[in-house]
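*Asks:* got a structure for you, letters missing:
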């Protein structure tokens, strides 16, 4: 049960290192407390489309370049540490304190070095980085353009430095795919989230308690959504803003209740194990999301439920409440992610054509809007081209977990496990991609199409 209590105001601390070892955001930004947004100090437009002198652009680039070099680069993880399967270790696993905070879901996502080449290309100048950023597929989608990128180049460089530290990458020698992941994906999405939070906060009066904005992330398993949310949570934290991260996995039934669900649906392989609609504790979902909305003041604190996917030989069980992490107010956002978040019932004939076993799943899904989706005010939908990618991604995640010494599914069990999700993808993804989640506002919906390498593309 989620417990809300009043505590003395907490003392904030960095997630990965002492504050003195990182450049303070106050050196570069003014903080707009009401809108929870950092505004660059003394910004001059450096876009080639701006009517300013070359000298001003040069000074701007030199300032950003100094930020780029101000943090000593961390050594990259050794590619030789990859196991023989080629999946390697997660790109966040070398930071135990971070991993402990992140791994409430019992999984790591998207091994960096398993899908990225190890040949480095030097980030030679901020001008080159600016051009690279402007070529990103999300720039227009998140409401940016070359001029706005130029105005905020300091913020881009600083966010990039923080993410490189977080993932232990050498920011001066990133591979091309690493640059894509950071500057074409994570940072643009972060800036979109900032805009959404600013818009949300503007709806309240100065003396009002402002509830956190719930941002929903709907994305198939293994595509990197958890790592994306982890990166966003860190960027908010490093700038002094508090967020809570929640997964639909946290709301799975206990092992005991999952067994009861299986017994009450004999012969239905889609409900034999956790995953599909019907295998979640919706009352726990409502309670948790409702209580999170109340974390508007310093000193307020609650525990977040977590699910242990390694329990019972990988079949999973809810973690003991004593191991649930605390989250403290005031929150600016709740980052809520899940593989089926935003799915909505479709006509019975549609699900029967995919798999007759989906009929009960479709019926169960009717209760999910009130338990999950109605809390979400801004949506990010990560769109994939082929659901069959899920198997390979999931296999990589399980291998990474086993490499961590945790019990995970065998390769054969992964195939069996994923096969129980594929019917839902086939039935519900077309509607999600065509219409968006139920109740979503197109003006507050960001669709990010990714390739097999989990990187954003222009899409259709």
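*Replies:* Yep, it's here. This is a predicted model, so every value here is computed, not measured.
*Asks:* If we go by neighbour counts, what in stretch 341-349 is buried?
*Replies:* Going by neighbour count (16 or more other C-beta atoms under 10 Å), the buried part of stretch 341-349 is 341-346. In short, each C-beta sits where N, CA and C put it, glycine included.
*Asks:* And for stretch 158-174?
*Replies:* For stretch 158-174, the neighbour count (16+ other C-beta under 10 Å) marks 158-171, 174 as buried.
*Asks:* for stretch 319-337, same thing?
*Replies:* 319, 324, 327-337.
*Asks:* In strands, which of the residues you listed appear?
*Replies:* Judged by DSSP state E, the buried residues of stretch 319-337 include 327-328, 331-337 as members of strands.
*Asks:* Would you reformat the buried residues of stretch 341-349 as JSON lines and include pLDDT?
*Replies:* Formatted as JSON lines, those follow (pLDDT from 0 to 100):
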{"residue": "341", "pLDDT": "97"}
{"residue": "342", "pLDDT": "97"}
{"residue": "343", "pLDDT": "97"}
{"residue": "344", "pLDDT": "96"}
{"residue": "345", "pLDDT": "97"}
{"residue": "346", "pLDDT": "97"}
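*Asks:* Out of those, list just those in helices.
*Replies:* If you go by DSSP state H, the buried residues of stretch 341-349 have nothing in helices.
*Asks:* from the residues you listed, which is closest to residue 140?
*Replies:* residue 342 (22.9 Å; C-beta to C-beta).
*Asks:* Is residue 169 in a helix, a strand, or coil?
*Replies:* Following DSSP: H, G, I helix; E, B strand; the rest coil, residue 169 is assigned to coil.
*Asks:* I'd assumed residue 181 was in contact with it.
*Replies:* No. Using C-beta atoms under 8 Å, residue 169 is not in contact with residue 181, being 9.6 Å away.
*Asks:* Check the residue nearest the centre of the chain and give its pLDDT.
*Replies:* Residue closest to the average C-alpha location in the chain (C-alpha atoms, centre = their mean): residue 229, at 1.8 Å. Note for residue 229: predicted pLDDT of 97.
*Asks:* where in the stretch 51-200 of the chain is pLDDT low?
*Replies:* Residue ranges of the stretch 51-200 of the chain with pLDDT under 70: 51-124.
*Asks:* switch the cut-off to 50
*Replies:* Flagging of the stretch 51-200 of the chain using pLDDT under 50 yields the residue ranges 51-56, 71-120.
*Asks:* Which residue ranges of it form helices?
*Replies:* 54-70, 96-102, 112-115, 126-134, 146-151, 153-166, 176-179, 187-201 (DSSP state H, counting those that start in this stretch).
*Asks:* So what does residue 438 look like in phi/psi?
*Replies:* Backbone torsions for residue 438, taken as degrees, to the nearest 10, come to phi -60, psi 130.
*Asks:* what secondary structure does residue 401 sit in?
*Replies:* Taking three-state DSSP, the label given to residue 401 is helix.
*Asks:* what's around it, how many residues?
*Replies:* Residues near residue 401, counting by other C-beta atoms under 10 Å, number 22.
*Asks:* Return the residues in contact with the nearest residue to it once chain neighbours are set aside.
*Replies:* Of all residues not flanking residue 401 in the chain, residue 408 sits nearest, at 4.3 Å (C-beta to C-beta, 6 or more residues apart in numbering). With contacts taken as C-beta atoms under 8 Å, 6 or more residues apart in numbering, residue 408 has the following neighbours: 310, 314, 398-399, 401-402.
*Asks:* Could you rerun that using 6 Å?
*Replies:* 314, 398, 401-402 (C-beta atoms under 6 Å, 6 or more residues apart in numbering).
*Asks:* Over to it. Which of the three states is it?
*Replies:* Following three-state DSSP, residue 408 is assigned to coil.
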